[in-house]
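kindly generate the corresponding structure for this input.
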Amino acid sequence: MEAAQRALEVKLNWLRAAVLGANDGIVSIAGVVIGVASAGADKGTVLLSGVAAVVAGAVSMGGGEYTSVSAQRDTELAHGKNPKNTSAHPWQAAFSSFVAFSAGAALPMLAVIGPWDAYRVEVTSAAVVLALATTGFWAAKVGNAPVGKSVMRNVLVSLVTVGLSYGIGTLLGVAVL
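Got it, this is the predicted structure:
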C-alpha cells in the first residue's frame, strides 16, 4: 500500500504543477496580450509584450515550483522521511511547470497575432476559453475528478482575470494614447 500511496502522491504533485503551469501560461499571457491589444497597440508591440511575458512567466513558474517543492522536500526530510520515499521532486516539478506554462502561453500568443486584426481580442478570448476548458477536462480525467466542476471552475476564475486585464487596457489605452 505504501508504494501505491507514494505513486499517487507523485502523480498528484506532477498533475498540480502541470495544470497550474498551463493555466497560468494561458491566463497570464492572455491577460497581457489582450490588455495590450485592447489599449490599441499594434501587432508588433503586442507580440513583444507577449514574448517578454512568456519568458518571465515560464522562468518564474519553474523557479517558483523548484523553490516550493524543495521546501516541501526539506520539511519531509526534517521530519524523518527517508529520502527515497519523499513525494517532492523539485527538478521534476520545475521542469513540468516551465514546459506547461510555455505550452499554455502558445495558444493566446498565436491567437492574438493571427490574421484577424479587427477581431484579435475576440478570437484570443475564444481560444482562451477553449484552452481553459481543455485543461480543466484533462485535469479532471487524469485525477478522476468531476469533469463539469473542473471545467467550469477553470474557465470562470480565469475569465475574471482576463476580463480585468481587458478593462484596464481599454481604460488606460484611451486615457494614455
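
could I get the pLDDT score of the residue in the chain sticking out farthest from the centre?
What lies farthest from the middle of the chain is residue 80; by CA atoms, centre = their mean that is 33.6 Å. On pLDDT, residue 80 comes in at 91.

mind listing what it touches?
Applying CB atoms under 8 Å, 6 or more residues apart in numbering to residue 80 gives no contacts. For glycine as for every other residue, the C-beta is placed from the backbone atoms N, C-alpha and C.

now it. Its backbone dihedrals?
Dihedral pair for residue 80: phi 90, psi 10, per degrees, to the nearest 10.

if I look at it, how far off is residue 86?
Here residue 80 is placed at a distance of 11 Å from residue 86 (CB to CB, to the nearest Å).

from residue 7, how far out is the residue farthest from the centre of the chain?
For residue 80 relative to residue 7 (CB to CB), the value is 21 Å.

next: residue 96.
Residue 96 sits 16 Å away from residue 7, taking CB to CB as the criterion.

the more surrounded of those two?
Between residue 96 and residue 7, counted using other CB atoms under 10 Å, residue 96 has the larger neighbour count: 25 against 11.

in three-state terms, label residue 145 for me.
coil (DSSP: H, G, I helix; E, B strand; the rest coil).

nearest residue to it in space, ignoring adjacent ones along the chain?
Leaving aside its chain neighbours, residue 145 sits nearest to residue 139 (7.3 Å; criterion: CB to CB, 6 or more residues apart in numbering).

check contacts around that neighbour.
Applying CB under 8 Å, 6+ apart to residue 139 gives the contacts 15, 19, 145, 150, 154.

change it to 7 Å
15, 19, 150 (CB atoms under 7 Å, 6 or more residues apart in numbering).

okay, now residue 9: neighbour count?
Residues near residue 9, counting by other CB under 10 Å: 14.

helix or strand for it, which one?
Using DSSP states H and E, residue 9 sits in helix 2-38.

how far off centre is that helix?
Put simply, helix 2-38 sits 5 Å off its chain's centre (CA atoms, centre = their mean, to the nearest Å).

could you name the helices and strands sitting against that helix?
helix 43-78, helix 90-112, helix 120-143, helix 147-176 (3 or more CB pairs under 7 Å, 6 or more residues apart in numbering; DSSP states H and E).

need the winner for burial among those.
The highest average neighbour count among those, using mean count of other CB atoms under 10 Å, belongs to helix 90-112 at a mean of 22.

pLDDT below threshold where in this protein?
For the chain, applying pLDDT under 70 flags the ranges 1, 174-177.

tell me the contacts of the residue nearest the centre of it?
Centrality entry for the chain: nearest residue to the mean C-alpha point is residue 24, 2.0 Å, by CA atoms, centre = their mean. By CB under 7 Å, 6+ apart, the contact set of residue 24 is 57, 61, 101, 104.
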